[in-house]
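Participant: Structure for this input, please:
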Amino acid sequence: MASQRYANDLCRDVATKAGHRLQMREHDRLAFALSEYQRRYDAVLTNMAQEGVEMLLVRSPENICYLTGFETPSFYGYQCLILAPDCEPVLIVRRIEEINATEFSWLTLTVPVADSQPPFDILIREVDRLGGGNKSIGVEKGMGHDRKVYELRGMLFTVAEYEALTGAFPQADFVDSKAIVEEARLIKSDAEVEMVRQAAAISDKAMLAGADAIRVGVTENEVAAAVHDTWCRNGGSYTGMTNIVASGPRASVNHCTWTDREIRDGDPVMLEIGTSKSRYCGAIMRNAFVGKPTPRMLYLRDATRDALELAIDMIRPGVACEDVNRACHQLIARAGFGDDDLNRIAYSLGLNFPPDWGEGHILSIQSGETRPLERNMTFHLLPACNAPGEIDISISATICVTEDGCDVLSEIPFDVFWK
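Facilitator: Sure, this is the predicted structure:
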């Protein structure tokens, strides 16, 4: 059966625009055209050359998927993509997941790891076979003290793996690959922006379904069921983090998931919905209020909406991330919420696997981030007014930086839901 399914796959010997030769399998299961993967391959090899990295060991599922299309939710099993300019990419992968390379990727070379085999031994063998014993080898060390991010990255590249490699290749120079792949991921192609747009559209539908389900006596579980029913029926896939449904006093607790709590009259409800489309995420946050809105609720809504609209007006190529962040925080502070609003205003969106659906470790619109915005950066823009123990109001949108401004990909009006 498997051989019949893949019988029409075509193996092509291609030359990328940068002149690299690749053997690539072409089939209709790929999320993008071969030309898109060639573009990414060229970009990453260019970044490697600029950093003086001669061989790259790619361990994160997002980076492997970005380069090859390969995906599996079981990335707790060993997987490592070896890239070097003078050889075909090789994916070392758990044997049971090897079929996923055929199903999802363009790769032609895989090396299986049986559950009974030490994966580092196979990695060392392949690095040696490819002539990496005395090269500069990039590895995903993860967050450093100089990075303006809080997310844990490089979590799959362990101390034990690093020690095995340095012990086997004392003549090699192991360097932090930092943002070699991530830098390429940050600026999306038009095809990637379209995928984020589709994901955002599904998130909108799921948000409307969740808001429609909210009423007195309904449980958070039932609201979450409405969200996920619409989410799945419209083509959404699992995201790197769970969706958020929280009501009453729990609505001010960040990243609170649904329970069997019944919604009561006067309750606020927090909804944060993310959707993956071919592993690309679009996200949205809204609040709902059950019953007549109070003047304070309206004030919180207005301040949050004003901050969102200010950010959208400011976003365009060349504007520094920290400038957008500062302006929004100053507006929120003038509204009386400065002491409890110190978070970033936005984080990059794109490829995602658990434990997070964002790319904030690549770039966030936050304090101290001097990098200027560029065309085809995509973000989840989420200013908030926080009243700890009471309510966290956030009106958010998935957006894309355009040539002269900002394209709002989320289409739900900038308001809260009154139930």
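
Participant: Check which element follows the biggest helix by length in the chain along the chain.
Facilitator: Longest helix in the chain, counting residues (DSSP state H): helix 190-213. Next along the chain after helix 190-213, taking DSSP states H and E as the criterion, comes helix 220-233.

Participant: Going by neighbour count, list what's buried in stretch 170-181.
Facilitator: Buried residues in stretch 170-181, counted by 16 or more other CB atoms under 10 Å: A172, F174, V175, S177, K178, A179, I180, V181. No exception for glycine: its C-beta is placed from N, CA and C like everyone else's.

Participant: from those, which two are the most distant?
Facilitator: Greatest spacing in the buried residues of stretch 170-181, by CB to CB: A172 and A179 (21.0 Å).

Participant: Excluding residues flanking it in the chain, which one is nearest H380?
Facilitator: Excluding the flanking residues, the one nearest H380 by CB to CB, 6 or more residues apart in numbering is A283, at 4.6 Å.

Participant: Make sure that neighbour is actually in contact with D356.
Facilitator: No. Using CB atoms under 8 Å, A283 is not in contact with D356; the gap is 11.0 Å.

Participant: Which residue of the two possesses the greater neighbour count?
Facilitator: Taking neighbours as other CB atoms under 10 Å, A283 and D356 compare with A283 leading, 29 against 19.

Participant: Could you find the closest non-adjacent residue to L331?
Facilitator: A307 (5.1 Å).

Participant: ok, that neighbour to D313 distance?
Facilitator: Taking CB to CB, to the nearest Å as the measure, A307 and D313 are separated by 11 Å.

Participant: So these two - more neighbours on which side?
Facilitator: Applying other CB under 10 Å to A307 and D313 shows that A307 carries more neighbours, namely 27 against 12.

Participant: tell me the pLDDT at the more buried one?
Facilitator: Predicted confidence (pLDDT) for A307: 96.

Participant: Tell me the helices and strands packed up against the helix or strand where it lies.
Facilitator: Per DSSP H and E: A307 is located in helix 295-314. On a contact count with 3 or more CB pairs under 8 Å, 6 or more residues apart in numbering; DSSP states H and E, helix 295-314 meets helix 321-334, strand 378-381, strand 384-387, strand 391-394, strand 397-401, strand 406-408.

Participant: Dump these into a markdown table; add mean pLDDT, distance to L109 and mean neighbour count as well.
Facilitator: Converted to a markdown table, those look like this (pLDDT from 0 to 100; distance: least, CB to CB, whole Å; neighbours: other CB atoms under 10 Å):
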| stretch | mean pLDDT | distance to L109 | mean neighbour count |
| --- | --- | --- | --- |
| helix 321-334 | 94 | 39 | 19 |
| strand 378-381 | 98 | 32 | 30 |
| strand 384-387 | 81 | 47 | 21 |
| strand 391-394 | 84 | 45 | 24 |
| strand 397-401 | 98 | 35 | 25 |
| strand 406-408 | 98 | 39 | 18 |
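
Participant: Out of those, which is closest to R301?
Facilitator: Judging these by CB to CB, what sits closest to R301 is strand 391-394, at 6.2 Å.

Participant: CA atoms only for the closest one, dumped as CSV, please.
Facilitator: The C-alpha atoms that make up strand 391-394 are tabulated as CSV, following Å, rounded to 0.1, in the frame of the first residue of the first chain:
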residue,chain,number,x,y,z
ILE,A,391,-9.7,40.8,34.4
ASP,A,392,-7.1,40.7,31.6
ILE,A,393,-8.4,42.5,28.6
SER,A,394,-6.7,41.8,25.3
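
Participant: what sits up against it?
Facilitator: 251-252, 254, 268, 270, 272, 285-287, 297, 300-301, 303-304, 382-387, 416 (CB atoms under 8 Å, 6 or more residues apart in numbering).

Participant: still on that earlier bit, hey, C-alpha coordinates of the longest helix of the chain in CSV?
Facilitator: Extracted in CSV, the C-alpha atoms of helix 190-213 (Å, rounded to 0.1, in the frame of the first residue of the first chain):
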residue,chain,number,x,y,z
ASP,A,190,4.3,35.5,0.0
ALA,A,191,3.3,31.8,0.1
GLU,A,192,4.0,31.7,3.8
VAL,A,193,2.0,34.9,4.4
GLU,A,194,-0.9,33.3,2.6
MET,A,195,-0.6,30.2,4.9
VAL,A,196,-0.7,32.5,8.0
ARG,A,197,-3.7,34.3,6.5
GLN,A,198,-5.6,31.0,6.1
ALA,A,199,-4.7,30.0,9.7
ALA,A,200,-5.9,33.4,11.0
ALA,A,201,-9.2,33.0,9.1
ILE,A,202,-9.8,29.6,10.8
SER,A,203,-9.0,31.1,14.2
ASP,A,204,-11.6,33.9,13.5
LYS,A,205,-14.3,31.3,12.8
ALA,A,206,-13.3,29.3,15.9
MET,A,207,-13.4,32.5,18.0
LEU,A,208,-16.9,33.4,16.8
ALA,A,209,-18.1,29.8,17.6
GLY,A,210,-16.7,30.0,21.1
ALA,A,211,-18.2,33.4,21.7
ASP,A,212,-21.6,32.2,20.4
ALA,A,213,-21.5,29.3,22.9
